[in-house]
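>>> Build the 3D model from these lines:
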Amino acid sequence: MDELVVGVDGSDESREALQWAASLSALGGTPLRVLTAWAYPRLAIIPGGPEPGSRQEMEAEALADLLACVESTLGAVPAGARVEVVGGPAATAILEAVGPGSVLVVGTRGRGGFTGMLLGSVSRASIEYAPCPVVVARGTAIAADPVILVGHDGSAGATAALAWAGSLGALSHARIVVVHAWEAGSSEVSPRLHTRLSAQADANVRRWVDDAGVRADPIAIEGDPRTTMVDTATRMGAALVVVGRRGTSRLTGIATGGVTSYLVSNSRTSIAVLPPPTAPSGTTAGAAPEAVA
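Okay, here's the model as predicted:
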């Protein structure tokens, strides 16, 4: 984790993301970079009205607004933090500003969010296309000694999620809990078979954690992986749930798996989504199509 990058647009959700990133930066000493994106208007804001100011004037105004937002949210700009403005549509500009060593922190929705939409377009684009871990922050801070959940489904993405959670745990002294949700696959299973399946699931997740070499508490829970992760995070008071962008069920053309998509839309807990260990052939992990910008 080379840096924490947080996108801020003045919305309450982005302020929560800023507080979350700043708290983790303070815990682990990770450099913090605060960004806002702006785009130069092609036309006068009001038809027939005065032309907007120069690019330099508008960029300076955007930076002043960002500094004021950081100071009002955190009390002061944290020592060593970089506060920057980037040009272009928000999703594209923020994605171009991060690299594989970054951790991008975003709010659930920005100022352009529509009532009833659980995840904004910038947050969704970040999850689907960023070349680095993306945290969708819910809540204002990550406390010391938190609980971090990791979803296990046997995929390479889950293995990467566990490794990343382990490094984050070393910074925050977190308890790492690996959750393996399993289903019998039939509505009618004999008690003997059910016991055997439960034991197999328990042994599977324990072996996976041992092989990963990460200090974590493995648990196997029968149930739908989506609701199981949400319910377990709520019951344990988890500060963060860490998942891979896609799991074992991969459909061509879909960037985000069903479990991950459900979690970021329905969980009340902050969610960290990790990109695939390697980008698909012929693509760039951080390149978002123009349509999402």
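
>>> which residues touch stretch 60-72?
Contacting residues not belonging to stretch 60-72 are listed as 8, 10, 15, 18, 34, 36, 38, 53, 77, 81, 83-85 [Cβ atoms under 8 Å, 6 or more residues apart in numbering]. (Each C-beta comes from the backbone N, C-alpha and C, glycine too.)

>>> In the residues you listed, which has the lowest confidence score?
Lowest pLDDT of the contacts of stretch 60-72: residue 53, 67.

>>> Could you find the closest non-adjacent residue to residue 262?
Using Cβ to Cβ, 6 or more residues apart in numbering and skipping the chain neighbours, the partner closest in space to residue 262 is residue 226 (4.1 Å).

>>> The one you found: helix or strand, and which one exactly?
Element membership for residue 226, per DSSP states H and E: helix 225-236.

>>> which stretches of the protein have low pLDDT?
40-53, 109-119, 186-188, 246-257, 278-293 (pLDDT under 70).

>>> Mind naming the longest helix for it?
helix 191-212 (DSSP state H).

>>> Tally up the residues packed near residue 68, please.
Residues contacting residue 68 under the criterion other Cβ atoms under 10 Å number 11.

>>> all helices for this protein, in order.
Using DSSP H, helices in the chain cover 12-28, 55-74, 90-96, 121-129, 156-172, 191-212, 225-236, 258-266.

>>> Report the buried residues of the fifth one.
Counting neighbours by 16 or more other Cβ atoms under 10 Å, one finds that the buried residues in helix 156-172 are 157-166, 168-169, 172.

>>> Also the last one?
Using 16+ other Cβ under 10 Å as the burial criterion, the residues of helix 258-266 that qualify are 259-264.

>>> Are any of the contacts of stretch 60-72 buried, and if so which?
8, 15, 18, 34, 36, 38, 77, 81, 83, 85.

>>> Now those in JSON lines, please, with extra columns for distance to residue 197.
Listed next are the buried ones among the contacts of stretch 60-72 as JSON lines, based on distance: Cβ to Cβ, whole Å:
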{"residue": "8", "distance to residue 197": "47"}
{"residue": "15", "distance to residue 197": "46"}
{"residue": "18", "distance to residue 197": "45"}
{"residue": "34", "distance to residue 197": "48"}
{"residue": "36", "distance to residue 197": "51"}
{"residue": "38", "distance to residue 197": "55"}
{"residue": "77", "distance to residue 197": "54"}
{"residue": "81", "distance to residue 197": "50"}
{"residue": "83", "distance to residue 197": "53"}
{"residue": "85", "distance to residue 197": "54"}
